[in-house]
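Q: got a predicted structure plus its sequence, pasted below:
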Amino acid sequence: MRHVRLMTLATLFLITPVTHGGATVDAEGPNVLLIGADGEQDTVPRHSRVFKGVADELSAVLQDNGFAVYDEAAITPGNFARGHARRDDAELIDIARSALRPPVDVAIIFSIHTRAEQLSYTTKVGSQITARLLNVMTGRHLGNFRVKSPRSLRAPVDCVRGCLAEVVERDTRRLSRELGRQIAQRLTSTLSAKTVPYGSPGDVYSGLPTAYTLVFEGFSDEEVFEIEEYLVVFSGYQYHRPISTGRRRHEYWYETGSARGRLNRNLSKMLDYLGMPGQVDLLGNDFTVTKTAVVESRAGSWDDW
């Protein structure tokens, strides 16, 4: 009987939208963080004016296309070194995942390469910007991009330092606008290909799958087996797998399109429905569900899951 009910609920989750006031709840766009990668010696360092110009242009294009773009220094914790250049990929991803207010959905990691060839009669200047999109919560790559000067620009034969910086800045600003349009198009197509889950007012859904860590403390193997049966019928469910198991401690990797607020409510309702007293705690994208002493069960319905 329980399996029949599970199948019925799963079918309802997949085909029945929940509406509020006659209108379907729409997805909000992802929170985007621009991060400069200057770990290679031939890349433009992020404290230069060329770098700042590229970041400004990318941000402007993405905002014009409806995406929320955030400044790295404004939303990342203060325990990261400020003004630190030549950062590797591990540091960049750690920075993106550390932002919680607001959480970052997509990181755009970009690098700027320039070259100057001085000849006896002129100076040839060229630029290239590469970027990759990363779903911060799942670690999955969403795309790679490269734009470069179609041909070498010409500068005076004695063009050095400030003169070269001006030529390169004009070139990279133009390239970054084209790069921004390509990235915006990719993000838009990625979001439109996703099935938007339906939630309650106040749910925030980026349109991209989000990965959570679910830890169940104090439950027996039999209880966790029952719990796992219900995890797959939560709205927005996409994938899960065990990370570790131990004596009354089970940890799962859980990917879903559902907002964290809705997942939080579903976990609490699941405990009530199964008659398992417990407490649900959330820190970032980590849920810890702890079995507690017997408490009075809260009234609730599965109809709004």
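A: Structure's in. What do you need?

Q: mind listing what the residue sitting nearest the centre point of the chain touches?
A: The C-alpha lying nearest the average C-alpha coordinate of the chain belongs to residue 105 (C-alpha atoms, centre = their mean; 2.0 Å). Residue 105 is in contact with 30-32, 135-137, 206, 208, 210, counting by C-beta atoms under 8 Å, 6 or more residues apart in numbering. C-betas here are computed from N, CA, C, even on glycine.

Q: once you drop chain neighbours, what's closest to it?
A: Closest residue to residue 105 in three dimensions, ignoring its sequence neighbours and counting by C-beta to C-beta, 6 or more residues apart in numbering: residue 30, at 3.5 Å.

Q: same check, this time on residue 214
A: The shortest distance from residue 214 to any residue other than its chain neighbours is 4.5 Å, reached at residue 252 (C-beta to C-beta, 6+ apart).

Q: also residue 213?
A: In space, residue 213 comes closest to residue 286 once its chain neighbours are excluded; the distance is 4.6 Å by C-beta to C-beta, 6+ apart.

Q: what's around that neighbour, how many residues?
A: Using other C-beta atoms under 10 Å, residue 286 has 12 neighbouring residues.

Q: average pLDDT for the helix or strand in which residue 63 is found?
A: For residue 63, the element it lies in under DSSP states H and E is helix 49-64. The pLDDT scores in helix 49-64 average 93.

Q: after it, which helix or strand is next?
A: Counting by DSSP H and E, the next helix or strand C-terminal to helix 49-64 is strand 68-70.

Q: can I assume residue 124 sits in a strand?
A: Yes. Assessed with DSSP: H, G, I helix; E, B strand; the rest coil, residue 124 lies in a strand.

Q: what about the residue nearest to residue 105, how many neighbours?
A: Residue 30: 24 surrounding residues under other C-beta under 10 Å.

Q: same question for residue 117.
A: Count around residue 117 with other C-beta under 10 Å applied: 10.

Q: next one: residue 173
A: If we define neighbours as other C-beta under 10 Å, then residue 173 has 16 of them.

Q: what does residue 104 give?
A: Neighbouring residues of residue 104 were enumerated by other C-beta under 10 Å; the total is 25.
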